[in-house]
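Structure for the following, please:
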Amino acid sequence: MARLDSAAAGGANVLAFLDTLAWSEGTSTIVASDDGYNVLVGGQLFTDYRRHPKQKVWLPSYGIHSSAAGRYQILAGTWEAIVRAYGFNGRFTPEAQDLAAIKLLNECGALALIKAGRIAQAIARAAPIWASLPGAGYGQREHEMAAVLAMFITCGGEMQA
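From the prediction side, this is the model:
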């Protein structure tokens, strides 16, 4: 589960969406992980939360290198931009990862939709950031919309029509 409390996250729907993202990205399901917060792309684990690991991992099935890390698979460059823009101290702690994901959701216009329970619309806004969401279009594994919506409900979220 996300490490922020409901008030710090902006409500129960935001927490549920964060948990849904972690499931979608496949990080929170890695048994030996710290609920996904210490996962490198490809499934390896890191141990130091002092900074983003910035490790380039080769993904042969996609023919790319990626620096995605943490519960929400944040790229090193994205993390550095968040640190600069929002005055983060640079530490890649679980709480900082939660806040960074919320900042990204706000930047893409998904956060207000999540709070309003308009989750399918929020997913469409967030898909360009997270390749596992339906409609992302990166040529990587994408979940079906119905599965993501069902997980959101399982994580405690409430949807509006």
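
Can you report how many residues neighbour residue 81?
Other residues near residue 81 number 15, with proximity taken as other CB atoms under 10 Å. The way it works is simple: take the backbone N, C-alpha and C, and place the C-beta from them, glycine included.

Counting by contacts, list what the host helix or strand of it packs against.
Following DSSP states H and E, one finds residue 81 within helix 76-86. Taking 3 or more CB pairs under 8 Å, 6 or more residues apart in numbering; DSSP states H and E as the contact definition, the neighbouring helices and strands of helix 76-86 are helix 94-107.

who does the very next helix or strand once past the helix it packs on touch, helix- and strand-wise?
Towards the C-terminus, the helix or strand next in line after helix 94-107, according to DSSP H and E, is helix 111-115. If you count contacts as 3+ CB pairs under 8 Å, 6+ apart, helix 111-115 packs onto helix 12-25, helix 94-107, helix 119-126.

before we move on, back to that, could you give the angle of the helix holding residue 81 to helix 94-107?
Computed with axes from the mean of the first three to the mean of the last three CA atoms, to 10 degrees, the direction of helix 76-86 lies at 80 degrees from that of helix 94-107.

Tell me the gap between helix 76-86 and the middle of its chain.
Once both centres are worked out by CA atoms, centre = their mean, to the nearest Å, helix 76-86 turns out to sit 15 Å from its chain's centre.

Counting neighbours, which bits of that helix end up buried?
76, 78-80, 82-83 (16 or more other CB atoms under 10 Å).

any residues touching it, and which ones?
Taking CB atoms under 8 Å, 6 or more residues apart in numbering as the criterion, the residues outside helix 76-86 that touch it are 52-54, 67, 69, 74, 88-90, 92, 99-100, 103-104.

Mind checking which of the residues you listed are in strands?
Restricting the contacts of helix 76-86 to those inside strands, with DSSP state E as the criterion, leaves an empty set.

Derive a PyMOL selection command for the buried subset of those.
If you want just the buried ones from these in PyMOL, going by 16+ other CB under 10 Å, the selection is:
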select buried, resi 52+53+67+69+74+88+92+99+100+103+104
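
Dump the contacts of helix 76-86 to TSV, plus distance to residue 134.
What follows is the contacts of helix 76-86, written out as TSV (distance: CB to CB, whole Å):
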residue	distance to residue 134
52	27
53	28
54	29
67	24
69	23
74	20
88	29
89	34
90	32
92	28
99	25
100	22
103	22
104	17
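
Restricted to helices, list the contacts of helix 76-86.
Per DSSP state H, helices hold the following members of these: 99-100, 103-104.

I'd like those as TSV, with pLDDT and distance to residue 40 appended.
Listed next are the ones in helices among the contacts of helix 76-86 as TSV, based on pLDDT from 0 to 100; distance: CB to CB, whole Å:
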residue	pLDDT	distance to residue 40
99	96	20
100	97	16
103	97	21
104	98	19
